[in-house]
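Chemist: Have a look; sequence and predicted model below, questions after that.
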Amino acid sequence: MTLKFILGPGSADHAGAVIDDLQHQMAKKRTDTFFYVVPNNVKFESELQTLRSLNQKQQPVYAQNQLQIFSFSRLVWYFLNTKAAYQLPKLSPMAINMIIYQIIEDRRADLTVYRGEGKQAGFIQQVADQLMELQQGGISADNLAQLSDLGADQVNPELHDKLHDLQIIYQEFVQRTDGQYLYQAELLELLNEYLLGLDDAQISTMHFYFSQFKNFSARELQIIQTLITRAQVTIDLNLTQAAIAANEESLFAQPTQLYHYLTDYAEQHAKKLADRWATSRSQALGLQQLEEYWIASNEMETPLPPSPHQNDALQVSVTKTAFAELMQLATEIRRLVATGNYRYRDILVTARQLDQYQSILQPVFSMLQIPYFTDNQQQMDQHPLVGMLASLLAIDRPNRAQNYRYDDVMALLKSELLLPQDDEGHPLELNRYRRAVALCENLVLKNGYQGKRWTQAQDWMYAQAYNAETGVVVDKNQQLSKEINLIRHFIKNNLPPFYRQLKQAPDGKTAATVLYRFLVNHGVPARLQEWQTNATEAGQLQAARQSEQVWDQFCQILDDYVAVLGQHEFVVDDFWSLLQAGFVGASYSQIPSTLDQVTISEAGRVHLPDKKITFILGADDTNFPAKIDNQQLLTDGDRDQLEAGLYPDQYLQATSTQQMLNEPYDDYLLMMTPSDRLYFSYNLGGDVAEQQKQLSPYVARIQNYFDLPLRTVNDTPTGQETNLTPYLGTARSALHYLLPASLASKKAGLPLSSDWQQVQTVLLNAPDQGLQQLTKRLLASLQYKNEPENLRPEIVTALYGTNLTTSISKLEDFYQNPYEYFLKYGLQLRERSEFEISPTDTGQFFHEALDQFSKAVREQRLDLAALSDADLSELVLEITTKMIEQDVNYQYEILKSSQRMKYLQSQLIQTVQEMVQTMRTQASYTPARPAVSEVAFGPGQPYAGLHYDLDKQHQLNVQGRIDRIDRIKVADHDYLGVVDYKSGNKKLELNAVYDGIELQLLTYLKALWQNRAQLGAPDAKISGALYMHIFAPVLKPNEVKNWDDQQQITAAVLKKHRFESGILINDPEFIKSLADPVHLSTIYPISLKNDGQLRQNSQAVTPEQLQALLNHTEKLMQQAATRIFAGETTLAPVQYNQTSTLQYSPYKPIMQFDPMLPENQYREIINQDKNTILQQIMREAQQHE
């Protein structure tokens, strides 16, 4: 029969030409049947456009049964829906994924490169896409086998292995589906067979028009070739006369190849009719000039036309951020519609990567009150139902060491699709449920509950305490525990029976039934229906349809699962993977727009050239042209290798390079969609760190040729603008810009421009009371200062009382940041506890272990220096085992919770053993010995605390616990010193002491001095205070000369455990007795010169200096307490040595500290040398006297 082309450039009226030809042929052949075939995504719009145009050219009352407007899939249905072959079950994409998943699992042993990929997210979809591409391209499994057998010079080993695996999967897929199911690629083949079998008289009266296609698959081309030989075919292509004669490097290379291919075929098998040329549609001169330039600039041998040096139909703009870019676009849309020359439906908004704008589309267009429809496919995999199913089927796995894990259980509960019932049998009220889940989560995190703890008979207790008198653990808050156990009982009573039924299911159908009934019986469909109703009532129609669609999709997946695997043996571990394979790629269907709405679409899709205005978002160097990345299993290199082995009628999709060569053509079609104006915009990427985008090279060429200005819109106006057009869309969007304009004017010390003042007046007097109040509230925020107010006396008393009993570390916190002190100790805000080992926990373990060790040595009257390694290990193991096993307060329960924690337990014990060995080694070189450990001082403790009367109403009591007190006897005097254990390498900084943020050692010395009589040494002198770093050192190879010499290793370890920081008394007699000169600096932070004097870097002070430091510490403690009682809450974080106390603060979101604000400044600690600081403290002490 015949082939005819309707041709013309992108600016031509292709739709008009097709409709004219249709009308002419329909009038001429009234008994014939006409089919108009278009891409699926423009079928609805094409149908409306075509019928509307035909209606206008016919009678006022119009009916059309001669013409059918179809996509390929609908064309298949039209011809085959009553045929027996078509009645086989149709394989949905989800069912195909399931079959492929099962094939990979069943044939795992036969696969090579894909053997372990079956459970990888997205891999099954990749395989499915690849198989469908092969089938669409007319490449069979046998063809793959032939290709894999090509020589190594044509197919490399990696590709050979890929083809081997793909051939196995492909062949198995065909065997499992052939004669049992139908799918898209096979449907096209069935259609072709049907068309070949039609009676000549019947098919010869059929006319097929193909329009808006950029290319065809091999199966689609096969159908078109069949129709060319048997029917009458008209194909509409974007193509110029010059391009037909050009080489393949032209802009129109893609449609040119198709034109010549089909022309050759028609000339050999049918009749080629004369081409028809579409006439130009009404289009702005500037767009015509753009087309002329773009075609010429992409043709190697075509000279550029003279530049007009302007183009009123084009605009190029840039903003700092994507949000600002979208705001300017939406404002311009409002302006265009306000002129009365445009409707919203006349406007197309496109972007190459629309997902980059997805999160801000709805807020911006709602603010500007612009109705819109987006044809971008939104995936279902983020819906709560999908997440709930994933967690439900992950909570209890047969072959997993630990079930009911935190992440899985909480994900299930937080989906809010499964709700427990209250006492009356109704679903629990949502707010109560959320609170109960939050409480339950806190407890689970704190105690690390998982596994059998969820299903145990005994209830959980929110806060428990050990009663020493009765030996019973009691619940301190029964009401909170009741709410928590409401959730636990819900899990315990409902999930285990479900899992038992699931595991006992003999086949897939039974398992699917168990899952479906569980969801229905627990009200999941009802909850989804409730969500749909709520969304509908809120006017969120798209969200309302999503709940319905995702449940329908789930039911379809279950149906597919039963159809494909219903009779197979059920494998629990594979169940969710199979269901997930069904959800992969599933998206919500959307209703095409027939209302007055802006159309928003991906730039790479087919678009009808029926708009007046087109906006191209994201026209930058990363998106325009697109950076094409081949994500399929067959790489570009694979495709290049296979190309030579394919038959002429077989195709693979184009490589990334080939697609890049087609980019100028694809973008040309996009630029030709409007009739009036074309807008390019891009943003600099200011909302993405370290990203600086550039203008698209395509747009830069256009801009340079037409001398277009780059329109730059300041998204943070200065407040001095007189032209407010870019900022005025709606009252709400004007307010969005008024705020930064007002702030900028305030900072500059200038009044708002008269235009901005007018906008402000209008908003402050808006008839909408909500908008009016919002304007007032936001403008008032400009006067806000991030300065906490001091507390009133009655609040201070309520929070702290009149007698402040505290530790020195809390007073240090006050000096580090008074406001954080208020949050932490006044309001008592805390991060929720988690079941993990923190530095505080390890420190507590070390403290207790070393304390018990010191006590054991004293009580058993052991000579520490004389103990062997075996003695030490045995004693440490006995002590730490007792600590962990007889842990009535559950401090170390976590160390028994898992194999990982048991390993950590062994590491902690090993560290303690190394520390006591170090203490033994130190004991061999120094006479200093631990006299007492864990010395608790303060109210209710064995030793007196530090008490200060601040005024008549307020007192300060400082309490604490000294880790260890060492004693050394020098001549007739006892010297007592403090040793403080630290898990980290703590340094004593006199600058920090002077400022008040490091007072612990000196406070302990003060408490030691005060309690020396009670310690049995009333005449003792103070030796000093030292930090001892608790850790297991790692020796470097160069730190030991002979690794076979144990003494060298011991000496190296001792050096690592040196008291690196602290303060010692500069008493020559004391210093001399500490250790011999050789080992003195090995143990202590001091060293001697040849003349016996201390070196400059020694951490020692004179008795007078020490007394001044102690007095200074007392003064700072009293000043801190006085300021606390005065209600001070200053936001003044300390910064010392370029490090801020805010760095690791959990309270930063509350404080909102911003050093750019004049009222928020760090309190800098000046870094001075030791002598300067000591002189300053001594001067202040003398002045105080």
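Modeler: Noted; the coordinates are in hand. Residues are numbered from 1 along each chain as shown.

Chemist: Scan the protein for its longest strand.
Modeler: The single longest strand within the chain, with elements called by DSSP state E, is strand 955-970.

Chemist: Kindly export stretch 497-509 (C-alpha atoms) in CSV.
Modeler: Coordinates of each C-alpha in stretch 497-509 appear next as CSV, following Å, rounded to 0.1, in the frame of the first residue of the first chain:
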residue,chain,number,x,y,z
PRO,A,497,0.6,-15.1,65.8
PHE,A,498,0.9,-13.5,62.4
TYR,A,499,4.5,-14.6,62.0
ARG,A,500,3.7,-18.2,63.1
GLN,A,501,1.0,-18.4,60.4
LEU,A,502,3.3,-16.9,57.8
LYS,A,503,6.1,-19.3,58.6
GLN,A,504,3.7,-22.3,58.5
ALA,A,505,2.3,-21.3,55.0
PRO,A,506,3.0,-24.2,52.6
ASP,A,507,2.8,-22.1,49.4
GLY,A,508,2.7,-18.5,48.2
LYS,A,509,-1.0,-18.3,47.9
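
Chemist: contacting residues around it?
Modeler: Counting by CB atoms under 8 Å, 6 or more residues apart in numbering, stretch 497-509 makes contact with 395-396, 398, 511, 514-515, 518, 561-562, 565-570, 572, 575, all of which sit outside it. Yep, even glycine has a C-beta here, placed from its N, CA and C like the rest.

Chemist: Using ChimeraX, make a named selection holding only the buried ones among these.
Modeler: The buried subset of the contacts of stretch 497-509, as determined by 16 or more other CB atoms under 10 Å, is captured in ChimeraX by this line:
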select :395,396,511,514,515,518,561,562,565,566,570,572,575
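
Chemist: Could you report the distance from Glu220 to Tyr975?
Modeler: Taking CB to CB, to the nearest Å as the measure, Glu220 falls 96 Å from Tyr975.

Chemist: quick one, which of these two is more surrounded?
Modeler: Relative neighbour count places Tyr975 above the other of Glu220 and Tyr975, with 23 against 18, counting by other CB atoms under 10 Å.

Chemist: ok, that one touching Arg967?
Modeler: Yes: in this structure Tyr975 lies within contact range of Arg967 using CB atoms under 8 Å: 7.1 Å.

Chemist: overlap in contacts of these two?
Modeler: The overlap between the contact sets of Tyr975 and Arg967 (CB under 8 Å, 6+ apart) consists of Ala1020.

Chemist: just to revisit the earlier point, after the longest strand of the chain, which helix or strand is next?
Modeler: As assigned by DSSP states H and E, the chain's next helix or strand after strand 955-970 is strand 973-982.

Chemist: So which elements touch that next one?
Modeler: helix 839-859, strand 955-970, helix 1000-1010, strand 1021-1029 (3 or more CB pairs under 8 Å, 6 or more residues apart in numbering; DSSP states H and E).

Chemist: For the closest residue in space to Leu669 that isn't next to it in sequence, grab phi and psi.
Modeler: Closest residue to Leu669 in three dimensions, ignoring its sequence neighbours and counting by CB to CB, 6 or more residues apart in numbering: Gly10, at 5.3 Å. Recorded main-chain torsions at Gly10 are phi -60, psi -30, according to degrees, to the nearest 10.

Chemist: so Gly10 makes contact with Met672?
Modeler: Yes: under the criterion of CB under 8 Å, Gly10 lies in contact with Met672, with a separation of 3.3 Å.

Chemist: okay, and the common contacts of those two?
Modeler: Listed contacts common to Gly10 and Met672 are Glu291, Pro609; contacts here mean CB under 8 Å, 6+ apart.

Chemist: in the stretch 501-650 of the chain, which spans are helices?
Modeler: Counting by DSSP state H, counting those that start in this stretch, the stretch 501-650 of the chain has helices at residues 508-521, 524-537, 541-565, 572-583, 636-643.

Chemist: Surely Ala242 is within a helix?
Modeler: Yes: under DSSP: H, G, I helix; E, B strand; the rest coil, Ala242 sits within a helix.

Chemist: What is the neighbour count of the nearest residue to Leu251 once chain neighbours are set aside?
Modeler: Nearest residue to Leu251, sequence neighbours excluded (CB to CB, 6+ apart): Asn298, at 4.0 Å. For Asn298, the tally of surrounding residues (other CB under 10 Å) stands at 17.

Chemist: ditto for Met388
Modeler: Other residues close to Met388 by other CB under 10 Å number 21.

Chemist: Ignoring the adjacent residues along the chain, who's closest to it?
Modeler: Nearest residue to Met388, sequence neighbours excluded (CB to CB, 6+ apart): Ser415, at 3.7 Å.

Chemist: Just the pLDDT for the one you found.
Modeler: Reported pLDDT at Ser415 in the predicted model: 92.

Chemist: Could you do Arg701 as well?
Modeler: Arg701 carries a pLDDT value of 93.

Chemist: oh, and call the first residue 8 from now on, that's how I've got it
Modeler: Renumbered: residue one is now 8, and that last one reads Arg708.

Chemist: Can you give me the domain assignment for this protein?
Modeler: Structurally, the chain divides into domains by automatic domain parsing as follows: 9-94+193-288, 100-188, 321-384+598-640+655-719, 391-590, 732-790, 796-841+935-1192.

Chemist: next SSE after the helix or strand that Leu786 is a member of?
Modeler: Counting by DSSP H and E, the element that carries Leu786 is helix 776-787. On the C-terminal side of helix 776-787, the nearest following helix or strand under DSSP H and E is helix 800-807.

Chemist: how far does that next one sit from the chain's center?
Modeler: On the basis of CA atoms, centre = their mean, to the nearest Å, helix 800-807 sits 42 Å off its chain's mean C-alpha point.

Chemist: helices and strands around that helix, which ones?
Modeler: The criterion is 3+ CB pairs under 8 Å, 6+ apart, and the helices and strands that helix 800-807 contacts are helix 1110-1132.

Chemist: How far off centre is the helix it packs on?
Modeler: The offset between the C-alpha centroid of helix 1110-1132 and the centroid of the whole chain comes to 48 Å, using CA atoms, centre = their mean.

Chemist: Could you point out the helix or strand that follows that helix?
Modeler: Note on helix 1110-1132: by DSSP H and E, the next helix or strand toward the C-terminus is strand 1141-1143.

Chemist: May I have the strands that pair with that next one, each with its orientation?
Modeler: According to DSSP bridges, the neighbouring strands of strand 1141-1143, each with its direction, are strand 1146-1147 (antiparallel), strand 1170-1171 (parallel).

Chemist: re the thing from before, so what's the residue nearest to Leu258 up against?
Modeler: Asn305 is in contact with Ser257, Leu258, Pro671, Tyr675, counting by CB under 8 Å, 6+ apart.
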